[in-house]
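Asks: mind looking at a prediction? Sequence and model below.
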Amino acid sequence: MARGAATVSAGVPGQFRTGVLAGMGAYFAWGVLPGFFAALAPSTAWELIPWRGLFTLGFCAVLVLVTRSWPRLLAIARDGRLLGTLAVSTALMYVNWQAFVLAASTGHVVEVSLGYFINPLVSVLLGVLFLRERLRPLQWAAVGVAAVAVIVLVAFAGGELWLAFVLALSFGLYGLVRNRVGARVDTVSGLTIETALLVPVAVVQLGIVAAVAGTTFGRVSPLHTVAVILSGLVTAVPLLLFGTAVRRLPLSLVGLIQFLAPILQFISGVFLMGESMPPVRWAGFAIVWAAIALIIVDGVLQFLATQRSRPAGQPAQRGRPAEHGGQAGAAGPRPAADATAPAAPPSGGGIRGTAE
C-alpha cells in the first residue's frame, strides 16, 4: 500500500465515527462561513481577502513549525514545476475567495450556495474534458438536468448569478490543477505555499484599498479586529478536519457529506438573511436539486457496488487530501467519474482536488 495511505478498516467504529464527525465539522464550517464574513462589515471583500491570506499564512507557518514539517515544505518549494502548478492554483484560489467573500458581504449568499450545489457537476465535466473520464448514465442525466437549470436561471431568474458560476468554475478548475500535483503536496504545505505566493497581491490590494477608501482593520472595535485575525484560523481548521475525514472514510461517503455546506448556505441566505427567492428562482433551484439527487443516487449505488465487490476483510479504499481526483496522469481513458468525490474548497483550497 502506498506510504501514507490509510489502512484502517471501515469496520472500526472509532475511526469511522471520527471520520464522519471530522467531515461534518469541515462542511458545517464551510456552510456557515458566509455568515462569518458578512458579520465583518464594514470591511469589504477587497480588504478582507488580503487579510485572510496573510493571517492564514501566519497560522500555517506556526503549524509547519510545530509539526516540524518544514523539510517537506522546502522540498516542494525547490521543485520548479510543482511551484509553477501551485502558482496557477493560487490564482484560482484568489478568484474563488474574492467571489465568495464579495457574495457573502453584499447579500448574495444564495448565489454562493448555488455555486457549490453545481460544483460537482462542473467537476464531472472538467473530468471528461481534461482527464478523459467516462460518465455513467445517471451522471449524464444529471449533467443534462443541470444544463436545463442553468438555462432557466440565466434566462428568467436574474440577480447576481455570475457569482455562482465564477465560484463553481474557479473551484472546479482549482481542483483540476491540484489533481495534477496529487500526493506530492499535502494540505498544509500546499496552503502555506499558496498563501505565501498571495502575499505580493495582498500587499498591493491593501495599498489600493487604503489609498481609495481607507482600511477598517484595527479601527472598528477590538472584537472586529480579533474576528479578522481569526479569518486565518477559520480558513485552515476546516481543511485539517477535511484531511482527517478523507483518511478515515471512503471518498464516496465524504462526497455525500459535502452537500451539507451548500444546504446550510442556502438556509442562511433565504431564512436567516432574508434574501429574495422569487418563484422562478425556486424553480431553477428545484431543477438543480433534481440533478444533485441523481448524482447522490449514482454515488450511493457506486459505493454499494464497491462494497459488494470487495473481498471480505479487505479495508475500504481511502484517499488523501491532495489526491481526491485520483489518477490524474494515468494513461488511457479514466473509469467513470465519481461526481460525489469531494473537493476541498479553496477556502480551504481544492480537488477534485482546496477556495471559500
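Replies: Structure received.

Asks: quick one: the strands in the stretch 151-300 of the chain?
Replies: Taking DSSP state E, counting those that start in this stretch, the stretch 151-300 of the chain contains no strands at all.

Asks: which intervals of it have sub-threshold pLDDT?
Replies: 157-160, 251-252 (pLDDT under 70).

Asks: which parts of it are helices?
Replies: 161-181, 187-197, 199-212, 222-248, 251-257, 260-267, 279-309 (DSSP state H, counting those that start in this stretch).

Asks: show me what the last one packs onto, helices and strands only.
Replies: Using 3 or more C-beta pairs under 8 Å, 6 or more residues apart in numbering; DSSP states H and E as the contact criterion, the secondary-structure elements in contact with helix 279-309 are helix 109-130, helix 137-152, helix 251-257. No exception for glycine: its C-beta is placed from N, CA and C like everyone else's.

Asks: quick check: angle from that helix to helix 161-181?
Replies: Helix 279-309 runs at 20 degrees relative to helix 161-181, counting by axes from the mean of the first three to the mean of the last three C-alpha atoms, to 10 degrees.

Asks: starting at the chain centroid, how far to helix 279-309?
Replies: Averaging C-alpha positions (C-alpha atoms, centre = their mean, to the nearest Å) puts helix 279-309 19 Å from its chain's average.

Asks: before we move on, what about the third one?
Replies: Centre-to-centre, helix 199-212 and its host chain are 25 Å apart (C-alpha atoms, centre = their mean).

Asks: check stretch 173-192 too.
Replies: 12 Å.

Asks: wait, residue 122 sits on residue 168?
Replies: Yes - here residue 122 lies in contact with residue 168, judged by C-beta atoms under 8 Å, at a distance of 4.8 Å.

Asks: buried ones in stretch 135-143, by neighbour count?
Replies: Buried residues in stretch 135-143, counting neighbours by 16 or more other C-beta atoms under 10 Å, are found at 135-136, 138-139, 141-143.

Asks: typed the wrong thing, it's stretch 99-118
Replies: Of the residues in stretch 99-118, 99-105, 108-118 count as buried by neighbour count, 16+ other C-beta under 10 Å.

Asks: and residue 226, how far is that from residue 55?
Replies: Distance of residue 226 to residue 55, given as C-beta to C-beta, to the nearest Å: 11 Å.

Asks: what's the answer for residue 121, then?
Replies: Using C-beta to C-beta, we find residue 121 at a distance of 33 Å from residue 55.

Asks: more neighbours, these two?
Replies: More neighbours surround residue 121 than the other of residue 121 and residue 55, with 25 against 20 (other C-beta atoms under 10 Å).
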